[in-house]
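> Task: produce atomic coordinates for the following.
(2 chains)
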Amino acid sequence: MSKKSRSRGGGGAGAAAGDDHEDLARPPPLQAVLLADSFTLKFRPITLERPKVLLPLVHMPMIEYTLTWLESAGVDEAFVFCCAHSHQVKEYLEKSGWAEKAGAGSMAVTAVESHDAISAGDALRVIYERGVIHGDFILISGDTISNMSLKDALQEHMDRKKKDPLAVMTMIIKHSKPSILTHQTRLGNDEIVMAIDPETKELLYYEDRADNSHLYVTIDKDILTNNPSLQLHNDMEDCYIDICSPEVLSLFTDNFDYQHLRRHFVKGLLVDDIMGYKIYTHELRSGYAARIDNFRSYDTVSKDVIQRWTYPMVPDVISSRDCSESRLHRQGIYKASDVTLSHSAQIGANSVVGSGTSIGDHCKVLNSVIGEGCKIGKNVLINGSYIWDNVIIEDGCKVSNSLVCGGVHLKAGAIVEPGCVLSFNVEVGKNVGVPAHSKVSLLPQPSNEDSDEELEYADTNSGVTESPPFSSMRSNGDQATVPSEDESGTFEIGTCGVVGYIWTSGDTGILEEWRQSIAPIPKEKLEELQHAVSEDDGSEDESNNPTQPDKDDSSDIAVEDDDPFSKFEKEVEETFQRALGGGVNQDNLILEINGLRLAYSLQHADCAGAVFYSVMKSALVAAQSTNDTLLKTTAEALGKWKDLLRNYTKTVDEEMEILLKFEEMCQETTKEFSPLFSKILPFLYDTEVVSEDAIMRWAEEKEHADESDKVFVKQSEAFIQWLKEAEEEDDEEEE
Amino acid sequence: MDFQVVVLAGGTSETLSPLVSKDVPKALLPVANRPLLSYALDLLEASDLKDLIVVVEGQEAARLVGAWVSSAYLDRLCVEVLAVSEDLGSAGALRAISKRLTANDILVISGDLVTDVLPGAVAATHRRNGAAVTALLCSVPVSGPSETASSSGKDKAKKPNRLNIVGLDKTKQFLLHIVSGTDVEKDVRVHKRKIQAVGQMEIRSDLMDAHLYAFKRTILQDVLEQKEAYRSIRLEVLPYLVRSQLRSAPSGGNGTTVGETGNSAVLSSGNLQCLSQHHVITPSAFKQDALSRSHGGHRCCAYIATKSKYCHRLNSIQSYCDINRDVIGEASHLSGYSFSAQNNIIHPSSVLGSKTTIGPHCILAEGSQLGDKCSVKRSVIGRHCRISSNVKIVNSVVMNHVVIEDGCHIQGSVVCNNVQLQERSVLKDCQIGAGYIVTAGSEHKAESLARK
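Sure thing, here's the model as predicted:
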């Protein structure tokens, strides 16, 4: 707070100068960059019409919380970066009075506008170009709710920087709730695994978007050599509040491919050991900080606000700014003074009702937020939902665990199932049921989901209400017949349907739906999750229950430790199998095998052996019974794949390799071939897979071998003899 | 305490040749003029663990060890010396004597451990946690911080070599992850579910497995029986137990789900839950309860010795030199001797010539004679050695009955029993096997000499 009284020094443009401020008598003003665009599509379709930062969170736009906090944290100057719907954001800043504030004791807010930014990286590059940041700054996005004190974190950051100029960033992290399943699901975002040095709090490893395909967290050995001890955290939340040095901006400019703050920037810095930049963490021990990243975190944070975890950012304290008075009643019920509430209506704990709203008889409102100027009819049940301003809900409706935007009209008997999002001005017809997890908007779903797109929509459709592209859609028949416990008793199949487009689930996919929607996580999912915990532990290593003896444990390890050649052979075989089954083009097959050869850094000759082995194996699988059929299928297979084989038998050495491999197969792996050796050899000769030179050399080499090794030479003696004679004849003829 | 102790005393280790031989098995190798095994046995006696099985590799070695033990510990310990065939590995040796194990818990200690960590403390931790196995972890030795420059090479001081990578839970009680052997140099892979289950895990690469374990007998025997291929406790048995510990009981799934507004919590019955929760909510009384409830899986615990404790294993010639130096130097309390005011021990029966100095951190055992103008620094000299004049001995170990003639210089070397050093021979960083004769005037540097 002490920083507030300081006058602002060192304004004006100019590149960020890290060491400059040492010379200044006064410390430079504390600056903040607020990104008023999340550059994601998580809040679609609502964000088509209004920027995310202006969406109301318990009556107040999110950006209001962020700005209020920044001011209270002692920030002198904030730059609001707006991109999509930038004029709406700017308009808001002006209207709410943030933009006009100037002078000592309050925070100056400047809007920075850019229309071609598609990521946080772009935004920071724009900020850098403007040259407005001169010292360390706070990087935050406009959807972050916090009441933490920045003093300690800032002090830590500054001290660290004095000692080590490479410490460019301090990330604020927070312990999440201590339960296995709610660690990460609470806010609906991706799991984060972090490795932190317990002494210095340096961040060593960061992984978000931890999809389950990676069962293991892999920490580079170099990290461990430099840090003998580190903490692996899965129980931390990233608050997305960063204290950055000005170098951060130039880093973004230098690395123009950095887009995402975490995925690219943080990981990029951690991996890069040339520059040696370091990122530190600051653990938030008291205070609140959370970012609204998706619908679930919207739900969670709203509840936290209502339950006053974010004090003083709570409805009855800050709403007084707008003069719409809201008072806290018992059981966490906030009610504006001019609410018209029927006596028989019941408002449950932890609910908020905005001013000018009227609620009819026998209504039930539980754990919900209802905005201003709403009209709610009789016998309405609202449970765990967020109803924004000016919504009309007619008699007998049921809304559970859904988000209903401003201007929506629910006609009598409509049922909104959990997890729905009804965007602005959508109408739901009489007795229509909106199926769970649907997203309805007056705007059609853009086919190309791209943030650029959002921009265009923002510009063209901002005043969309004038001519909404109406499209009456009948909701799904069987969904509409969901039996209702309405007092009315009768229930008709939807007649009017829904006005608006029903969006198909976008990039998040159905699988992620449950994770990020407002609807509570279904029980089955929780059990599944829990099950997964024990399941995966079982599969973690091959050895199973300690009470069951399993001998394959050791053999499994043996296979793993095998030499690369047998692995290679296996892979070639698998590739070949695929070619057999799926009809992979022969050229592609050759490409793939060559790729494998390079991957295992083996010789061409090894390839020949492996491919030959695969071909023979396929013949064996096809035959499986008598020697005659085996011979036949072998001939077929060789005929079919001779081109492939010939591709690998360019020199005598490689042909030799095939012969040796064949011999080895007969002796060891596939003894079925051994009686047929002498019969298959001519085939190989005929198909020009092996030349007579190779056969002769093979026979010669074997002459000095052990008796046991000569079995096959002897077996094919007749053929070799024939070859010799033919050769001599050729020679004679030539002479 | 119902603990049975197994001391794995080894045999005639290859790595320690030429110091060990048929006549001197590893267990009897003198460290500061005391057999190596006596350090472990004294330690066990101090912890009141008196029911011992000493396992020695090889019949002959077992006979020698047995003879020494019965004379030295006749009334003090109840020791049984068993011989097993050589090259079984630590797990193999345990398997061979598995039938002799009867107590509920087994303490396995390596006979080459020189430490002042009380095994009783490890045993108590083991009991308190009801663990399947408790391993003693100690800091990786950075050999002799004060003397690093002179004796043990500079590169070692720079970076202590990594011996183990361990994952511990928040309370540092439970062993969640262990990597040993050659895998230590690879990237660390930790199962994500494991981290999820415990919330946070501390990965340490500065701890080493000291080869002192407390096992629950039934579990140990099961593992030894089922995993016939396992040869090493450190490399195979312990990692296996750690890997399999978090598996929940097969009956699982009787967890109760509690759904509340927005925040849901699931209570599961598995081990995982106990691990992540009990330190948050429970005082120790409840912990016992939680432990008894957890069925199926077992738990692996760690006893982490504080940094100030001394804990080294004698498994290389380098460590032999280091331990000798430490036991007469900074860790002198281990030697069991009382040092004189000059910080050395000179047996009254020894004879010193004129102008001969024995520096601090030296031991001169009974019956040894030194001629004139000798100087001994930081060295151990055994019994009945005859040392002539003008001899310098620095940072070395001289065992018993060694004859050193005039003008010899010995630095950083180990000289075994009955060696004869003729005039003016110079040894630097050498190991001289028993009975060897170093010819007059010869110079040796970093060599290992032994009689053919």
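> Domain map for chain B?
Recorded structural domains for chain B (assignment: the TED database) are B:3-145+B:163-247+B:297-322, B:339-449.
> avg pLDDT for the last one?
Translated: domain B:339-449. Across domain B:339-449, the average pLDDT comes to 90.
> about what we covered before: and of the domains of chain B, who's closest to chain A?
Comparison of these against chain A by C-beta to the nearest C-beta identifies domain B:3-145+B:163-247+B:297-322 as nearest, at 3.4 Å. To be clear about C-beta, it is placed using only N, CA and C from the backbone, and glycine gets the same treatment.
> For that closest one, measure first residue to last.
Between the opening and closing residues of domain B:3-145+B:163-247+B:297-322 we find a distance of 32 Å, counting by C-alpha to C-alpha, to the nearest Å.
> same for the lengthiest helix in chain A, what does it pack against?
If you go by DSSP state H, chain A has its longest helix at helix A:627-648. Helix A:627-648 sits against helix A:586-600, helix A:604-623, helix A:677-686, with contacts defined as 3 or more C-beta pairs under 8 Å, 6 or more residues apart in numbering or on different chains; DSSP states H and E.
> in its sheet, what does the longest strand along chain B sit against?
Secondary structure of chain B read by DSSP state E shows that its longest strand is strand B:207-216. Strand B:207-216 pairs in its sheet with strand B:105-110 (antiparallel), strand B:133-139 (antiparallel), by DSSP bridges.
> buried set for whichever helix or strand comes after that strand?
Once strand B:207-216 ends, the next helix or strand along the chain (criterion: DSSP states H and E) is helix B:217-226. For helix B:217-226, burial by neighbour count (16 or more other C-beta atoms under 10 Å in any protein chain shown) applies to B:Arg217, B:Ile219, B:Leu220, B:Gln221, B:Val223, B:Leu224, B:Gln226.
> burial measure for the residue nearest to the second one when sequence neighbours are not counted, as a count.
Here the nearest residue to B:Ile219 in space, its sequence neighbours aside, is B:Ala132; by C-beta to C-beta, 6 or more residues apart in numbering or on different chains that works out to 4.6 Å. Neighbourhood size, B:Ala132 [other C-beta atoms under 10 Å in any protein chain shown]: 24.
> residues in contact with B:Ala132?
With contacts defined as C-beta atoms under 8 Å, 6 or more residues apart in numbering or on different chains, B:Ala132 is in contact with B:Phe215, B:Lys216, B:Ile219, B:Leu241, B:Gln245, B:His298, B:Arg299, B:Cys300.
> and the closest residue to the first one other than its chain neighbours, what is it in contact with?
I take that to be B:Phe215. If you skip the residues right next to it in sequence, B:Phe215 has B:Ile106 as its closest partner in space, 4.7 Å away by C-beta to C-beta, 6+ apart. B:Ile106 is in contact with B:Phe3, B:Gln4, B:Val5, B:Val6, B:Ala214, B:Phe215, B:Lys216, B:Arg217, B:Leu220, counting by C-beta under 8 Å, 6+ apart.
> Next: A:Ser618.
With C-beta under 8 Å, 6+ apart, A:Ser618 has these contacts: A:Phe576, A:Gln577, A:Leu580, A:Ala637.
> Number of residues surrounding the second one?
This means A:Gln577. 14.
> Quick check: which element contains it?
Per DSSP H and E, A:Gln577 falls inside helix A:564-582.
> Show me which parts of that helix are buried, residue by residue.
In helix A:564-582, the ones that count as buried by 16+ other C-beta under 10 Å are A:Phe568, A:Glu569, A:Glu571, A:Val572, A:Glu573, A:Thr575, A:Phe576, A:Ala579, A:Leu580.
> and that helix, what other elements does it pack with?
Packing partners of helix A:564-582 (3+ C-beta pairs under 8 Å, 6+ apart): helix A:586-600, helix A:604-623.
> Keeping just the C-alphas, turn it into PDB.
These are the backbone C-alpha positions of helix A:564-582, laid out as PDB (Å, rounded to 0.1, in the frame of the first residue of the first chain):
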ATOM      1  CA  PRO A 564      18.600 -53.500 -30.500                       C
ATOM      2  CA  PHE A 565      18.700 -55.900 -33.400                       C
ATOM      3  CA  SER A 566      16.000 -58.200 -32.100                       C
ATOM      4  CA  LYS A 567      13.900 -55.200 -31.300                       C
ATOM      5  CA  PHE A 568      14.400 -54.000 -34.800                       C
ATOM      6  CA  GLU A 569      13.500 -57.400 -36.100                       C
ATOM      7  CA  LYS A 570      10.300 -57.300 -34.100                       C
ATOM      8  CA  GLU A 571       9.400 -53.900 -35.400                       C
ATOM      9  CA  VAL A 572      10.000 -54.900 -39.000                       C
ATOM     10  CA  GLU A 573       7.800 -57.900 -38.500                       C
ATOM     11  CA  GLU A 574       5.100 -55.700 -37.100                       C
ATOM     12  CA  THR A 575       5.400 -53.300 -40.000                       C
ATOM     13  CA  PHE A 576       5.200 -56.200 -42.300                       C
ATOM     14  CA  GLN A 577       2.200 -57.600 -40.600                       C
ATOM     15  CA  ARG A 578       0.500 -54.300 -41.100                       C
ATOM     16  CA  ALA A 579       1.400 -54.300 -44.700                       C
ATOM     17  CA  LEU A 580      -0.100 -57.800 -45.000                       C
ATOM     18  CA  GLY A 581      -3.300 -56.800 -43.300                       C
ATOM     19  CA  GLY A 582      -3.900 -53.300 -44.300                       C
END
